[in-house]
Every structure is written in structure tokens, then in C-alpha cells.
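**Student:** Return a 3D structure for these sequence lines:
(2 chains)
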2 protein chains.
Amino acid sequence: MGLDNIRIVLVSPLYSGNIGSVCRAMANMGIADLALVAPRPINEDEARMMACHAVPLLNARRTFASLAEAVADCGAVMGASARAGLYRQHARSPREWAPWALELAAHTRVALVFGPEDNGLSVDDLSLCTQIIQIPTTDAYPSLNLAQAVMVCCYELFLAGGAWEPPREKSEVAPSDLRERMFTIWREMLTATGFLHDDMAEHMMLGIRRVLSRGALTVDDVHIMMGVARQTLWASRHRPGSDEAGSDDH
Amino acid sequence: MGLDNIRIVLVSPLYSGNIGSVCRAMANMGIADLALVAPRPINEDEARMMACHAVPLLNARRTFASLAEAVADCGAVMGASARAGLYRQHARSPREWAPWALELAAHTRVALVFGPEDNGLSVDDLSLCTQIIQIPTTDAYPSLNLAQAVMVCCYELFLAGGAWEPPREKSEVAPSDLRERMFTIWREMLTATGFLHDDMAEHMMLGIRRVLSRGALTVDDVHIMMGVARQTLWASRHRPGSDEAGSDDH
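**Tutor:** Modelled structure (predicted):
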């Protein structure tokens, strides 16, 4: 699986909480290989607090003296940069890179490199990168929190991996003939309660049809609405003071 | 613009740092309307530190006593839930919802609701939601940090908005005839330096062609490589101890 070959590299991170948050984001998205380059002294408590259930990943991190060493075995080195300038025009978004990175990760290690919180990657570090990633943002505030930048990239890689199956409704979308049976009993019910009357009945049924057709109803949805109508019909025929057949013509 | 009509609602957030991080994520993605429901006492310093340049957004937040009040004016109320269970099958991913939510946000306010860090949204809160959002994750660790969950949703909405233009290379992709001129001068240069020789020349040029065709070279790229070859040709003809024409047959 390609995600096993993805390495997240943090160059000189400043805040231990961010390192922990990065671990959590990685764990959420199935990425486990974390490398730190020349980090400031780490407050382990702070890092662990933000890592939450990803503490094992935090503990398994490796530390390198230089970016060159941290990515020495990586076939692709993708650097995240928010800066305009020299590299801007060569940058691609995480969504553009993700499928390509993952395809490559089937055969080689791929590093995603993030710079320090205050300055981002240096020109020397960027020159080690084979690709530049820029996360889409507003022009007004293009600088993401470090862990959130990692999350966006890991999220795109995870989705590109295709392992995730979106939840699906257990109940199928109701076909037209079932919906028509629902409208038939609703019409009967709404006539029994006196909601539909005279020559407005057709027009009002169109309104009801529109309300119940805004979204694609499932078979379960239709059964619920049929149950409501049947019970209301029953109640309208058994209302206190009415006889068994009710006062209407049903 | 639809993003102006998106409201982020945090129900009883526990950590002030997370509130600040949410503000930063929102500002990165062009969303400004933040509502808090019954928050714990807020440590303003901690919140401001994580909000960074999004402090104005933090200061503009509004606080409500209940979720019902916070979303009273919203045409759609989308609740984020990581939980399996009752609502799981009705959930959609942020990527599935984003275009729909943004289309709706052209005409009405749309709330994105996130529960407390420890428990997520209660069943009562979920029942106020018209749609359920589930962020794709591994099964091993489906619970995201609050601010990172907000980031993923805001990022999807921002991209769905289509305002972001990916950076493009200033230089066009080089057409075949220009690339062929590059290979011609490279062949000349590699013959001059003695790299190509005899009957291996054709085969070795295929290797050079493959290396220089791994990615789509731009016009600028090709000009750089042609410059390298021209300069090398010149140098090979002016090397110390050789006459003007060099020792080869060019």
C-alpha cells in the first residue's frame, strides 16, 4: 500500500504541540513515518497531549541533522510552500500531486517536507525538493498552521489511495411505482382529514408531491410516509364521537 | 459569494487553543462567520495565539446558549460526526457535500456544526442537522482534532467555490520541433565530448531522450538544456592544448 511509503518530514519545528498534532493527522490518514530535522528541544508532554491516540507514532519518530539525510532514500521529495516567488509557478496543489505521489510510492519512498512555523522552507531546502506543493488558500491569509497543512496533504493522499468507501444508504432509492402508491394513500388520507377539497385538490397534491420529491426518497423513507398516512386514515375513522367508517366517504 | 453564507458552529468546545486554530483555518479558506454554543470559559491568550492573524475573526465570534439558536436562520445545518451508528449510513463526505452546500449558500445561510472534542455531537444536536458530514479517515483512528476537522471541511468548500486558480508555469510546454532541435545539439555536443561513439551512438541517444522526456519540458527548460550543450560544444573546441576546431571532426 502506497501510504506506507510516505514520509512526513518536519524541518526545525518550533512548537511541540504542532508535532503532536501532526502525528494525529498522520494517524487519522494512515501515514506512519515521521522524520524531524534539527528540531528545537521538544516538550514531550505537550506533544503527547496533541498526539492523543497517535502517541506510538510520535514515539517512533526519527530525528536527522539535515534535510538531505532525512530524505536520502526518497525517490521524490515534495516540499510544501506558501510563498509566492521563484517557485510559485512550479507549484501544484495537493490534489494535483496526490495521485502521482501515491503511484510513485508504490515503488519508492516519497517525502513530504514542511518548513518551520515562522519561515517555511529555506531556498536550500526547497532546492532539495523534486516537486513543490502549494495548498490552495485565500490570498488574504495563505499561511496555514503546520499541522493543518500536514492534514490537508495527508487527507488528499488518503483519498487518492481509494481505500476509503463512502457510507451508503442501506435502503435503495424508491422507484416511481412505490412513490406513486405513497401519493395515492396520502391523497386518500388528506381527503379524509379534509385537507384536500373541491377543485383545489389536484393543485394541492402537486405541492405535496413537490415537498416529498426535493430529495431522492429511499424505500425506507417512503415506508415511513406511507405508515404516517395509513395511521392518520385509521385515526380519522376512529376519532372520538365518529362512527367506525368516519364522517367522510371512504 | 457563497462562502460568506457559511457559518462554522462549535458546540461546547473544551480547548481555547482549538477555537483559535479553527479561526485560522476559516481565515485561510475565506470563511468568517463563527458561532460558539455554550463554550467553557475561554482563555483568550491561548485562543489568540493559535488564531495568529485570524484574531479579528476570533473577536467577531458570537455566542449562543443552544444549537437551535445558533442555527435558527440557517437553511441547511450540516453536522460533522465521526461516529458509526444510527446516522452513519446517511453521512456524506465533505467532498460530496461541498458543491451542494455552496450552491445552497448562494441563497441561504448554511451552518457546519462540530461537537465538543471529547464526545462529538449529541443525538439531540444531530437531530437538528439536515445533513451529516463524515470526514474520510482510517478505521483505526477516525477521530480528528476539532480544528483539523474544520480545516478539511473549509478547504473542501473553498475548493468547491472555484475561486482558487492553480499556479501555472509561465513557460509553455515545449513542442516536438523545439525538443528535436535540443536533441540535435545534444547529439553534436555528446559526439564532440566523445560520450557518443561508434555504433552505440543511436542506442545512447535513446537513453538521453528518455531522461529528458520523463516530464513534459517547458520552452524555458529546453532553452536551458540547449544552452548547456552549446556552451559545452564551445568549451570542447577551446580546451587547453587543442586547436580552434578541436580534435574531433566537428
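**Student:** When you work out contacts or count neighbours from here on, use the C-alpha atoms and nothing else.
**Tutor:** Noted.
**Student:** Could you check how far the closest residue to residue A:186 other than its chain neighbours is from residue A:192?
**Tutor:** Using C-alpha to C-alpha, 6 or more residues apart in numbering or on different chains and skipping the chain neighbours, the partner closest in space to residue A:186 is residue A:229 (5.6 Å). As defined by C-alpha to C-alpha, to the nearest Å, residue A:229 lies at a distance of 10 Å from residue A:192.
**Student:** go on, residue A:21?
**Tutor:** 61 Å.
**Student:** What residues does chain A have near chain B?
**Tutor:** A:21, A:24-25, A:27-30, A:53, A:88-93, A:136-138, A:140-145, A:148, A:151-152, A:155, A:158-159, A:164, A:166-170 (C-alpha under 8 Å from any C-alpha of the partner chain).
**Student:** So which of these sit within helices?
**Tutor:** Among the residues of chain A next to chain B, the ones falling in helices (DSSP state H) are A:21, A:24-25, A:27-28, A:148, A:151-152, A:155, A:158-159.
**Student:** Can you show me the CA trace of the helix or strand hosting residue A:182 as CSV?
**Tutor:** For residue A:182, the element it lies in under DSSP states H and E is helix A:176-192. The C-alpha coordinates for helix A:176-192 follow below in CSV (Å, rounded to 0.1, in the frame of the first residue of the first chain):
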residue,chain,number,x,y,z
SER,A,176,-41.6,5.6,-9.2
ASP,A,177,-44.3,2.9,-8.7
LEU,A,178,-43.6,2.8,-4.9
ARG,A,179,-43.7,6.6,-4.7
GLU,A,180,-47.0,6.6,-6.6
ARG,A,181,-48.5,4.2,-4.0
MET,A,182,-47.4,6.7,-1.3
PHE,A,183,-49.0,9.6,-3.1
THR,A,184,-52.2,7.6,-3.6
ILE,A,185,-52.6,6.8,0.1
TRP,A,186,-51.5,10.4,1.0
ARG,A,187,-54.3,11.7,-1.2
GLU,A,188,-56.7,9.4,0.5
MET,A,189,-55.5,10.5,3.9
LEU,A,190,-55.6,14.2,3.1
THR,A,191,-59.1,13.9,1.7
ALA,A,192,-60.2,12.0,4.8
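**Student:** Mind listing what's buried along it?
**Tutor:** Neighbour counts using 16 or more other C-alpha atoms under 10 Å in any protein chain shown place A:179, A:182-183, A:185-192 of helix A:176-192 among the buried residues.
**Student:** Could you count how many residues lie near residue A:168?
**Tutor:** As a burial measure, residue A:168 scores 12 neighbours (other C-alpha atoms under 10 Å in any protein chain shown).
**Student:** which residues does it contact?
**Tutor:** Residue A:168 makes contact with B:89-91, according to C-alpha atoms under 8 Å, 6 or more residues apart in numbering or on different chains.
**Student:** Which members of these additionally contact chain A?
**Tutor:** Restricting the contacts of residue A:168 to those near chain A - C-alpha under 8 Å from any C-alpha - leaves B:89-91.
**Student:** Among these, which one has the most neighbours?
**Tutor:** Going by other C-alpha under 10 Å, residue B:91 tops the ones next to chain A among the contacts of residue A:168 with 25 neighbours.
**Student:** my guess is that one meets residue B:136, correct?
**Tutor:** No: assessed by C-alpha atoms under 8 Å, residue B:91 is found out of contact with residue B:136, at 10.7 Å.
**Student:** avg pLDDT for stretch A:173-184?
**Tutor:** The average pLDDT within stretch A:173-184 is 96.
**Student:** same question, stretch A:72-80
**Tutor:** According to the model, stretch A:72-80 has a mean pLDDT of 96.
**Student:** Of all the residues in that stretch, which ones are buried?
**Tutor:** A:74, A:76-80.
**Student:** How many neighbouring residues does residue A:124 have?
**Tutor:** Count around residue A:124 with other C-alpha under 10 Å applied: 9.
**Student:** element containing residue A:239?
**Tutor:** Applying DSSP H and E, one finds residue A:239 in no helix or strand.
**Student:** Please tell me how far it sits from residue A:41.
**Tutor:** From residue A:239 over to residue A:41 (counting by C-alpha to C-alpha), the distance is 77 Å.
**Student:** So what's the residue count around the residue nearest to residue A:216 when sequence neighbours are not counted?
**Tutor:** Leaving aside its chain neighbours, residue A:216 sits nearest to residue A:173 (6.4 Å; criterion: C-alpha to C-alpha, 6+ apart). Neighbours of residue A:173 under the rule other C-alpha under 10 Å: 14.
**Student:** try residue A:29
**Tutor:** 27.
**Student:** Then residue A:35?
**Tutor:** 23.
**Student:** Parallel or antiparallel, which strands does the helix or strand hosting it pair with?
**Tutor:** Under the criterion of DSSP H and E, residue A:35 resides in strand A:33-37. Strand A:33-37 pairs in its sheet with strand A:6-11 (parallel), strand A:62-64 (parallel), by DSSP bridges.
**Student:** Just put the ones you listed in JSON lines and tack on mean pLDDT and mean neighbour count.
**Tutor:** JSON lines is the format used below for the strands paired with strand A:33-37 (pLDDT from 0 to 100; neighbours: other C-alpha atoms under 10 Å in any protein chain shown):
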{"stretch": "strand A:6-11", "mean pLDDT": "98", "mean neighbour count": "27"}
{"stretch": "strand A:62-64", "mean pLDDT": "98", "mean neighbour count": "15"}
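**Student:** Can you redo the ones you listed as TSV, where the extra columns are distance to residue B:197?
**Tutor:** Below are these laid out as TSV (distance: least, C-alpha to C-alpha, whole Å):
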stretch	distance to residue B:197
strand A:6-11	42
strand A:62-64	44
